[in-house]
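Undergrad: let me see the structure of the following:
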Amino acid sequence: QVQLVESGGGLVQAGGSLRLSCAASGRTFNMHAMGWFRRAPGEERGFVAAISSSGARTYYADSVKGRFTISRDNAKNTVYLQVNSLKPEDTAVYYCAAAQPNYGLPRRFWEYDYWGQGTQVTVSS
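TA: From the prediction side, this is the model:
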């Protein structure tokens with residue numbers, strides 16, 4: 001069982017940056033691929049980024065490529081999402097998620113089994 005707690009969201013002007021964090025409980029964090037998803041008002045949950053269990057591989061949605069960076073610190077049981085050059089359309093609740101151990105680099109929400117409660121990111125124009 002993995003419990004996830006996100007933090008770091010907030011209100012920022014367009015062009016600004018935030019660093020989202022996701023702290024995980026448990027002793028198997030370094031076995032789980034991790035992902036970030038987001039849900040804007042009236043929209044379905046969408047994939048943002050994923051990172052393999054070791055951190056060696058990452059994958060991004062086209063809409064955030066070059067602006068967002070996912071990373072992890074397995075010693076701290078934490079995954080991060082650095083979000084730069086924010087746009088109003090990035091406004092959403094951001095969720096981190098953990099896949100089952102040794103699952104690879106999943107990119108679809110149904111491939112993740114554990115979810116945090118979300119952190120709100122609001123970008124003003």
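
Undergrad: C-alpha coordinates for stretch 101-108, PDB please?
TA: Once side chains and other backbone atoms are set aside, the C-alpha atoms of stretch 101-108 remain, and they are given as PDB (Å, rounded to 0.1, in the frame of the first residue of the first chain):
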ATOM      1  CA  PRO A 101       5.900  -2.200  -8.600                       C
ATOM      2  CA  ASN A 102       8.000  -2.900 -11.700                       C
ATOM      3  CA  TYR A 103       5.200  -1.800 -14.100                       C
ATOM      4  CA  GLY A 104       7.400   0.100 -16.500                       C
ATOM      5  CA  LEU A 105       6.500   3.700 -17.600                       C
ATOM      6  CA  PRO A 106       2.700   3.900 -17.700                       C
ATOM      7  CA  ARG A 107       0.900   6.800 -19.300                       C
ATOM      8  CA  ARG A 108      -2.800   6.000 -18.800                       C
END
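
Undergrad: would you mark the buried spots in it?
TA: Of all the residues in stretch 101-108, those buried under the rule 16 or more other C-beta atoms under 10 Å are 103, 105, 106, 107. To be clear about C-beta, it is placed using only N, CA and C from the backbone, and glycine gets the same treatment.

Undergrad: which of those residues sit farthest apart?
TA: Between all members of the buried residues of stretch 101-108, the longest pairwise span (C-beta to C-beta) is found for 103 and 107 and amounts to 11.1 Å.

Undergrad: partners of residue 96 in the sheet?
TA: Beta-bridge pairing of residue 96 under DSSP bridges involves residue 36.

Undergrad: pretty sure it contacts residue 116?
TA: Yes. Using C-beta atoms under 8 Å as the test, residue 96 is close enough to residue 116 to be in contact (4.9 Å).

Undergrad: identify the contacts common to the two.
TA: Shared contacts of residue 96 and residue 116, defined by C-beta atoms under 8 Å, 6 or more residues apart in numbering, comprise 4, 6, 22.

Undergrad: strands along the chain, start to end?
TA: In order along the chain, the chain carries the following strands (DSSP state E): 4-7, 10-13, 18-24, 32-39, 46-51, 58-60, 68-73, 78-83, 92-101, 112-115, 119-124.
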